[in-house]
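Colleague: Just a sequence and a predicted model for now, questions to come.
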Amino acid sequence: MRAIQISETGGPEVLTTAELPDPTAGPGELVVEVAAAGVNYIDTYHREGIYPLPLPLVLGLEGAGRVREVGEGVDGFAIGDRVAWAEGPGSYAEAVALRAERAVPVPDAVSDEVAVGALLQGMTAHALAFDVHPVQAGDDVLVHAAAGGLGLLLTQFAAARGARVIGTVSSAEKEELARRAGAADVVRYTEVDDVAGAVRALTGGAGVAVAYDSVGRTTFDASLAALRRRGTLVLCGASSGPVPPFDPQRLNQAGSAYLTRPKLFDYIATPEELRARAAAVYGAVVDGSLDVRIGHRYPLAEAATAHTDLQARRTTGKVLLIP
């Protein structure tokens, strides 16, 4: 099979197409033919070595497709079933072996591409809005990168819960996407010198109840400065780079603010949690309350271009690789 492999960490140029043996299903595993694989920022962290993993490595964690082989001891899945996953290492490939307990069934009404687009980022958005900081009706909420794959889904969930969403974006095109997703106000950070000041002005000086910051280094200070008293900064990514060491006393100075750095996998830690959260996301897709935008599709061999475009902020919505 073809797969995208790295033998060393570095920039997108380290991504190479390799011919590897077809996977086989061990006990408790499925082998799935990959119809679409998701490209996520965590993949770039693995590629760069920010989150070190043993090499050589086939990148990718997320995908959807049909079951080709069922391993010993697996119940509930059969050859030909459509499944999706958010924890399948090696998903930048034509086929992948994954633990059956980490696969979820895909409803007939959901396409393979939407199944991928809704899963990892959709479950992340769901966890952020429902559990990490449970958004309340009337909350002012700041969502950075509001036109990205996560941002669009998080904006929809927060707006559906009755929040007033303020999104940050870089362009008029991205502003339109954020507003369509439910953002009441949008700050183009390329056109203002003081993002926190612009956000505070939109809230009458009070600040936001929660700032969801997936950008990291370049937005962290503005996120903290945009919080209301006892507000929460949810650091949920680092697309601009890791946040430098942080003095906790700054939380005191920000009005007894809270800071949390969650990861999705602690919110889908058991098979029951995973299936319940996936079902909630797919249910919202099926009933039309959650729109999943597939922004960009690349052939598997163009994974390096996909990474380059993602990190250059040239993408909107979900980015996919199609084997």
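Modeller: The structure has been received and is ready for your questions.

Colleague: how many other residues sit next to P56?
Modeller: Residues near P56, counting by other CB atoms under 10 Å, number 11. Every residue, glycine included, has its C-beta placed from N, CA and C.

Colleague: Same check on the one 10 residues further on?
Modeller: Each residue near R66 was counted by other CB under 10 Å, and the total is 15.

Colleague: Can you tell me the centre-most residue of this protein?
Modeller: By CA atoms, centre = their mean, the chain has its centre lying nearest to Q121, at 3.2 Å.

Colleague: how far away is that residue from Q156?
Modeller: Using CB to CB, to the nearest Å, Q121 is found at 11 Å from Q156.

Colleague: Check P134 too.
Modeller: 16 Å.

Colleague: Those two: which has the busier surroundings?
Modeller: Higher neighbour count among P134 and Q156: Q156, with 23 against 11, using other CB under 10 Å.

Colleague: Pretty sure A145 is one of the things the residue nearest to the centre of the chain touches, is it not?
Modeller: No. Counting by CB atoms under 8 Å, Q121 stays clear of A145, with 11.5 Å between them.

Colleague: The helix or strand hosting V32: what's the following helix or strand?
Modeller: Here V32, judged by DSSP states H and E, is contained in strand 29-39. Tracing the chain C-terminally past strand 29-39 and defining elements by DSSP H and E, one meets helix 41-48 next.

Colleague: how much does that following helix deviate in direction from strand 29-39?
Modeller: Calculated by axes from the mean of the first three to the mean of the last three CA atoms, to 10 degrees, helix 41-48 forms an angle of 90 degrees with strand 29-39.

Colleague: mind checking how far stretch 214-226 is from the chain centre?
Modeller: Put simply, stretch 214-226 sits 18 Å off its chain's centre (CA atoms, centre = their mean, to the nearest Å).

Colleague: Make 56 the first number, not 1, from now on.
Modeller: Right, with 56 as the first residue, what we last looked at is stretch 269-281.

Colleague: And the contacts of that stretch?
Modeller: 96, 197, 199-200, 203, 205-206, 223, 244, 249-251, 254-255, 262-263, 266, 268, 288, 290-299, 305, 309, 312, 314 (CB atoms under 8 Å, 6 or more residues apart in numbering).
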